[in-house]
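Colleague: Need a 3D model of the following:
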Amino acid sequence: MRTASGTSGSGSTCPRSDGAALYCVKFLTTVLFLLFPGVLPGSSPVRYWVFFSDRGPMVESGLEAAGDSISQGPSASRRASVGALSPDVFDLEPFEGYTDVVENAASAPITGVSRYLNACSVVLDEAALSAVRALPFVAAVRPVARSVYGPSESFTEPDPHGLSLGQLQQAGVTGLHQRGFTGEGVVMGVLDSGFELDHDCFAGTQILGTWDFVGDDGYVGYEEGDPETTGIHGTAVFSIIAGDSPGLYIGGAPDAAFLLARTEDTGDEYQQEEDFWVFGLEWCEQNGASIVSSSLGYIDWYEPWQMDGNTAVTTVAADIAASRGLIVVNAVGNGGPSDTTLIAPADGDSVFAVGSVNSLGTLSAYSSRGPSADGRIKPDACARGEMTVFANLSGGYSSGNGTSFAAPIVSAAFAAISQAHPEWSMIRISEALKVTASQGGSPDSDYGWGMIDATAAMMHRSVAGRVRRSDTGEALAGYTVEVSNGQTTSGAVTNDLGWFAVEPGFLGEFTVTGAPGQWGLPMTVPGTLGHDGTEVGLFVDPASLSGLAPSVFPNPASGFVHIGFDVEQGPSDVTLAVFSLDGSPVHTQGRNGLPAGTYRAPIAGEAFIWDCTDMTGEPVASGVYMVVLTVGGSAHRLGLAIVR
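Modeller: Numbering: from 1, shown residues only. All right, here's what the predicted structure looks like:
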């Protein structure tokens, strides 16, 4: 049995007139609908509102039955006191024939129904969601919102990174993830002691190939006869890059593709391991890797004066690979705090050597120092190497210390930036990471250029931004943008979240717009580009009117509010008026002679923008407000909540 109940406060301030009761109910329905912004569904089933387009057949008999129930029910006196004893459609539950079809499509019981919204709440997986949206009597489907309160206009879910949030946030990698740059389309090789891939965080990892150079076979995990420690170190390192268990743990580049090479025998160290490392590097390069992450190093058979970038075979091999467009990201070593304690191949001039810091950004005492034997600054940069969280062989997570755990964070940053900037070489990414790091202007042989900031590196001398539809706010994936200064034009294609980044090859004034021949009518956004980069928002109008009702966003709000609308026939005068619930005017603005078109983008000259202040310039109080938008001769009423 499905039931729906509600409560109503006393002392209604809705003005009374003929039809006013119905208007008040409609207004409250609008408020309820608008106060609950949607949330993005994940891959697991999500609870949705399903809104129906009509009340179904037998409305008259339903109203008659509702009238009898109301007149004899506990709400009769209250409704009579406000002149609302007569039933209307908002007293009717959604038509049971509609809800039964939805319930069958969902293969799960409906959670509840709403008379006011003419909707039901139900859990749907992706297949059921598509089926329900296609039903002819369904007007709209949207996720059931969470209850929120706070002064911010940013209402977000808990960060999905979980245990890895701190180490990735410190390195600026989470900023790339928020923009959808997670290493997709990039191939990375990882050289280590072995890899156990049955951990849950690797369930969706794309593995292109594996080879065990120690055992000379294709299996890189523990086998009979191997040391029991095989796979411990490599699994931990690999998870820092590739792990993907949203809500629990996410690596720095979970959507990259990987080549895994076992080049280390943890039972003993002998000089042949260095050769395994070289073989592994060449195998990765041959099989398409553009990045090789290595948390291994070699010093036992070398003297410090030989860390000159030209002696150790691993260093020489790494530099040759660099000439082919591949970069090796290598741990600098754990031999600090004395000078020139780095290990090969971290001494290579084309190798990105990574030192370790703690959660406060302080250099770890054990992190090897430079300079190289020939006087070059090493390490190149640093990331979290103390209490870094990684996957363990028990199916859980552990933390540990060492530059071994800092290097994969930086390797992941290379991959994510490479996805954002497919036009950048690995050397260009290396340059950007160094110049935007915490000591970019004053490097030394302890921190190198400092702690990396991957998001700042992605932005270096670049224009980045997001492309969205102006009418719905939907991100436009696969959309080509053009950045131009009138003489030079560079293009970029948006990712699945609608984000792009491009270094146009110039600084100064520019414009961004969409390339010809695509969906809709792109706006043109001007800007000025400096060394730190510029981020823009590009909106695309539909080629024809959207047909959507006017919109208020964000809702609830605490600062600026955007009221979007369409002008179907122009020129038309458009006015905006905001009232408190007692009918007092709060704010007005208007425009005259607008041509036909869509005015929904949250930028000047498009949607109305209100800063939530009254006519005296003072911030309005928290509460519910009525927005009246008049377009030509048509008035639209919307609800808005202000939360301070």
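
Colleague: burial measure for F51, as a count.
Modeller: 17 (other C-beta atoms under 10 Å). Placement of C-beta: from N, CA and C, glycine included.

Colleague: Make 845 the first number, not 1, from now on.
Modeller: Shifting the count to begin at 845 puts that one at F895.

Colleague: What's the mean pLDDT across the helix or strand harbouring it?
Modeller: Applying DSSP states H and E as the criterion places F895 in strand 890-896. For strand 890-896, mean pLDDT is 80.

Colleague: just checking, next helix/strand downstream of it?
Modeller: Per DSSP H and E, strand 890-896 leads on to helix 903-916 as the next helix or strand towards the C-terminus.

Colleague: any idea how far E1028 is from F1039?
Modeller: Remark: distance between F1039 and E1028 (C-beta to C-beta, to the nearest Å) = 21 Å.

Colleague: The two: which has the busier surroundings?
Modeller: For F1039 versus E1028, neighbours defined as other C-beta under 10 Å are more numerous around F1039 (29 against 18).

Colleague: Surely that one touches F1082?
Modeller: Yes. With contacts counted by C-beta atoms under 8 Å, F1039 reaches F1082, the gap being 5.5 Å.

Colleague: intersection of neighbour lists for the two?
Modeller: Both F1039 and F1082 are contacted by L1104, under the criterion C-beta atoms under 8 Å, 6 or more residues apart in numbering.

Colleague: And for T943, nearest residue in space, chain neighbours not counted?
Modeller: Closest residue to T943 apart from its sequence neighbours, by C-beta to C-beta, 6 or more residues apart in numbering: C964 at 5.1 Å.

Colleague: Can you check what angle separates the helix or strand where that neighbour lies from strand 890-896?
Modeller: For C964, the host element (DSSP H and E) is strand 963-968. Going by axes from the mean of the first three to the mean of the last three C-alpha atoms, to 10 degrees, strand 963-968 is angled at 140 degrees with respect to strand 890-896.

Colleague: moving C-terminal of strand 963-968, what's the next helix or strand?
Modeller: Downstream of strand 963-968, the next assigned helix or strand under DSSP H and E is helix 970-977.

Colleague: Send me that following helix as PDB with only the CA atoms.
Modeller: What follows is helix 970-977, C-alpha atoms only, in PDB (Å, rounded to 0.1, in the frame of the first residue of the first chain):
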ATOM      1  CA  GLU A 970      20.100   2.700 -16.000                       C
ATOM      2  CA  ALA A 971      18.000   0.300 -18.100                       C
ATOM      3  CA  ALA A 972      14.800   1.100 -16.100                       C
ATOM      4  CA  LEU A 973      15.500   4.800 -16.300                       C
ATOM      5  CA  SER A 974      15.600   4.700 -20.100                       C
ATOM      6  CA  ALA A 975      12.400   2.700 -20.200                       C
ATOM      7  CA  VAL A 976      10.500   5.000 -17.800                       C
ATOM      8  CA  ARG A 977      11.600   8.100 -19.600                       C
END
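
Colleague: and that helix, which residues are buried?
Modeller: Neighbour counts over helix 970-977 (16 or more other C-beta atoms under 10 Å) mark 972-973, 975-976 as buried.

Colleague: Would you map the helices across the stretch 1045-1194 of the chain?
Modeller: Secondary structure of the stretch 1045-1194 of the chain (DSSP state H, counting those that start in this stretch): helices located at 1076-1086, 1116-1130, 1157-1167.

Colleague: quick one: which of those is nearest A1465?
Modeller: Among the helices of the stretch 1045-1194 of the chain, helix 1076-1086 comes nearest to A1465, with 48.4 Å by C-beta to C-beta.

Colleague: Averaged pLDDT, the closest one. What do you get?
Modeller: Helix 1076-1086 comes out at a mean pLDDT of 96.

Colleague: and if you look at stretch 1294-1304?
Modeller: The average pLDDT for stretch 1294-1304 rounds to 98.

Colleague: Show me the contact partners of it.
Modeller: The contact list for stretch 1294-1304, computed with C-beta under 8 Å, 6+ apart, reads 1014-1017, 1019-1020, 1025, 1201, 1205, 1225-1227, 1253-1254, 1257, 1260-1261, 1264-1265, 1273, 1276-1277, 1279-1284, 1287, 1308, 1345, 1347, 1375-1379.

Colleague: just how off-centre is stretch 1266-1280 within its chain?
Modeller: Offset of stretch 1266-1280 from its chain centre (C-alpha atoms, centre = their mean, to the nearest Å): 22 Å.

Colleague: Over to stretch 1349-1356?
Modeller: Mean C-alpha position of stretch 1349-1356 versus that of the full chain (C-alpha atoms, centre = their mean) differs by 26 Å.

Colleague: If we go by neighbour counts, what in that stretch is buried?
Modeller: For stretch 1349-1356, a neighbour-count test (16+ other C-beta under 10 Å) marks 1354-1356 as buried.

Colleague: Just the CA trace of that stretch, in CSV.
Modeller: Extracted C-alpha coordinates of stretch 1349-1356, given in CSV (Å, rounded to 0.1, in the frame of the first residue of the first chain):
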residue,chain,number,x,y,z
GLY,A,1349,50.7,29.7,-28.6
PHE,A,1350,50.2,33.4,-27.7
LEU,A,1351,49.5,35.6,-24.7
GLY,A,1352,47.1,38.6,-24.5
GLU,A,1353,43.6,39.1,-25.7
PHE,A,1354,41.6,36.2,-27.2
THR,A,1355,38.2,35.0,-28.0
VAL,A,1356,36.7,31.5,-27.6
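
Colleague: Many thanks, we can stop here.
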